[in-house]
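Visitor: Sequence first, predicted model second:
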Amino acid sequence: MNQYLQIPFDFFNHPFFVIFGGVSASIILLGLVYRIIFWVLGITPIVIRLGVGLWRRKIAIIGSFEAYQSLSSTIIDSGIFNANKIMHIEPGSIERAKSESIYLVDWASSSVKINDIFSSRKSHQTAVIIFASPGSIPMEQISGIANKPNTVIVNFKGRLLNDILTSLLTTSYDSK
C-alpha cells in the first residue's frame, strides 16, 4: 500500500510542479493584496467624506415652525444627525442660511420664496432638498428646479434621509 502512495508523491514532487505551485501561490497572493489595496483606496475617501459631512456640516430647514418640527424629528430620530447640526430658518429670513451647506426646504410653507432660496446659496455646492407632497409642485416650476445643480425633490420622509446622505457625499465641503 505504501508503494502505491509513493508513485503519485514522486510524480507531483517533480521540479515542474514545485515551480508551478510556487508561481501560482505568488500570483494568488499578489492578486489578494491588489484587491485589498484597491478596495481600501476606493472606500476610504467615501467614508472620510461622509464622516466629515456628518461632523461639520449643518442642515438649514427652511419653512414654518410646524414643518421644522416634523422634518427635524424625522432627521434626529434616525440617530445619524445631532440636533445641534439642524437649524430652523423662517422663509422671510433666508439670508440667515447663507453659511449653511444643506438647505432642506418645506415646499408647502416656502414655495413663494424658492427663487430667493436658490439665490441665497453661497455656491452651487450648497445642496437644496425640497420636501413636497406628491403633485404639489407645478410642472413649470419642476423644470426650473431640475435645471439647478445639487437639487433634489423628495416626496417621502423615508427617502429624505437617503437624499440628505447622498447630498453630503456629492457636494464638497469647503473648510474655513
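Guide: Arrived safely, thanks for sending. Numbers count the residues shown, from 1 in each chain.
Visitor: and Ser167, how many neighbours?
Guide: Other residues within reach of Ser167, judged by other Cβ atoms under 10 Å, total 23. In short, each C-beta sits where N, CA and C put it, glycine included.
Visitor: Tell me if I am right that it is in a helix.
Guide: Yes - secondary structure of Ser167 (DSSP: H, G, I helix; E, B strand; the rest coil): part of a helix.
Visitor: which regions of the protein lie under the pLDDT threshold?
Guide: By pLDDT under 70, the weakly predicted segments of the chain are 1, 172-176.
Visitor: quick one: the strands in it?
Guide: 59-62, 86-89, 102-106, 127-131, 151-154 (DSSP state E).
Visitor: Reformat those as a markdown table; add distance to Ile27.
Guide: Shown next, in a markdown table, are these (distance: least, Cβ to Cβ, whole Å):
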| stretch | distance to Ile27 |
| --- | --- |
| strand 59-62 | 49 |
| strand 86-89 | 52 |
| strand 102-106 | 47 |
| strand 127-131 | 45 |
| strand 151-154 | 46 |
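Visitor: Please report how far the residue nearest to Pro134 when sequence neighbours are not counted lies from Ile142.
Guide: Counting by Cβ to Cβ, 6 or more residues apart in numbering, the nearest residue to Pro134 once its immediate chain neighbours are dropped is Asn155, at 4.8 Å. Here Asn155 is placed at a distance of 12 Å from Ile142 (Cβ to Cβ, to the nearest Å).
Visitor: Quickly list the domain ranges of the chain.
Guide: Listed by automatic domain parsing, the domain ranges of the chain are 2-53, 58-170.
Visitor: ok, and which of those has the densest surroundings?
Guide: Burial of those is given as mean neighbour count (mean count of other Cβ atoms under 10 Å); domain 58-170 ranks first at a mean of 16.
Visitor: Distance from it to the middle of the chain?
Guide: 16 Å (Cα atoms, centre = their mean, to the nearest Å).
Visitor: residues touching the residue lying closest to Arg57 once chain neighbours are set aside, list them.
Guide: Distances taken as Cβ to Cβ, 6+ apart place Ser101 nearest to Arg57, at 4.5 Å, with adjacent residues excluded. For Ser101, the contacting residues are Arg57, Lys58, Gln125, Thr126, Ala127, Thr171, Tyr173, by Cβ atoms under 8 Å, 6 or more residues apart in numbering.
Visitor: Present those as a markdown table; the columns should include distance to Arg96.
Guide: Output for those, formatted as a markdown table (distance: Cβ to Cβ, whole Å):
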| residue | distance to Arg96 |
| --- | --- |
| Arg57 | 16 |
| Lys58 | 12 |
| Gln125 | 19 |
| Thr126 | 14 |
| Ala127 | 17 |
| Thr171 | 20 |
| Tyr173 | 20 |
